[in-house]
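**Q** this one's sequence-less:
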């Protein structure tokens, strides 16, 4: 349940307009005829993401977000957009149906959020920055066959170079006993994730940006920030692809 509170200035380096080629249109038509292919965002006949959805995404600028209620210790966080039906379709298809062709699309959105955060935090171009994905449960990763958040993080890191020396570090793992967050309210999520992350590997190094596909109550980002800072790692903030909004309200 979120309201956006401010728009972050974003440079134009990562904003890309996209026009399908004739060949791509023919491929999409063939997909509709032979396989019933549909855009993951709107359901129109298309392979992957249709031109209209790509144009809609390209027009969206990253914004600061803040949970309501806001957990104590919630980091400064930027989301690329609200979690509307378009992004809900893309994120769910990527994570739950292994639509790997969406990794570049969502990774680009994540890169925009990271770039906006670094700009706001006055991180000098060329600086080293580590992207730390919020960890998923090992069982969920095994069932899906890949780590969706880590895949988006790697794409985002590549798009941010050479402006920043970005890398992806799996600095956190889920501790045993953490339940699935689906269906839990803000207080239940916070209790569920208390002590739910553990540091992994060698942590000293450049400052980090926490990354995730979606932020709802902010419990995951808050707990991850607490664990890393306790380990002596500077956390610049967090960046996500989308954020949920309070029904009927956008601040």
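**A** Structure received. Given the structure is predicted, the values throughout are model-derived calculations rather than measurements. Numbers count the residues shown, from 1 in each chain.

**Q** other SSEs contacting the helix or strand harbouring residue 118?
**A** Using DSSP states H and E, residue 118 sits in helix 103-120. Secondary-structure packing of helix 103-120 (3 or more Cβ pairs under 8 Å, 6 or more residues apart in numbering; DSSP states H and E): helix 51-58, strand 77-79, helix 85-96, strand 128-133, helix 148-160, strand 208-215, strand 235-243. Any C-beta I mention is one placed from the backbone N, CA and C, and that applies to glycine too.

**Q** out of the ones you listed, deepest packed?
**A** With neighbours taken as mean count of other Cβ atoms under 10 Å, the helices and strands packed on helix 103-120 reach their highest mean count in strand 77-79, at a mean of 29.

**Q** direction included, what does that one pair up with?
**A** Using DSSP bridges, strand 77-79 pairs in its sheet with strand 63-67 (antiparallel), strand 235-243 (parallel).

**Q** would you reformat those as CSV and include distance to residue 221 and mean pLDDT?
**A** Output for the strands paired with strand 77-79, formatted as CSV (distance: least, Cβ to Cβ, whole Å; pLDDT from 0 to 100):
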stretch, distance to residue 221, mean pLDDT
strand 63-67, 9, 93
strand 235-243, 5, 97
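
**Q** to residue 52, which of those strands lies closest?
**A** Closest of these to residue 52 is strand 235-243, at 18.4 Å (criterion: Cβ to Cβ).

**Q** what's the distance between residue 115 and residue 42?
**A** 26 Å (Cβ to Cβ, to the nearest Å).

**Q** looking at these two, which has the bigger crowd around it?
**A** Taking neighbours as other Cβ atoms under 10 Å, residue 115 and residue 42 compare with residue 115 leading, 25 against 15.
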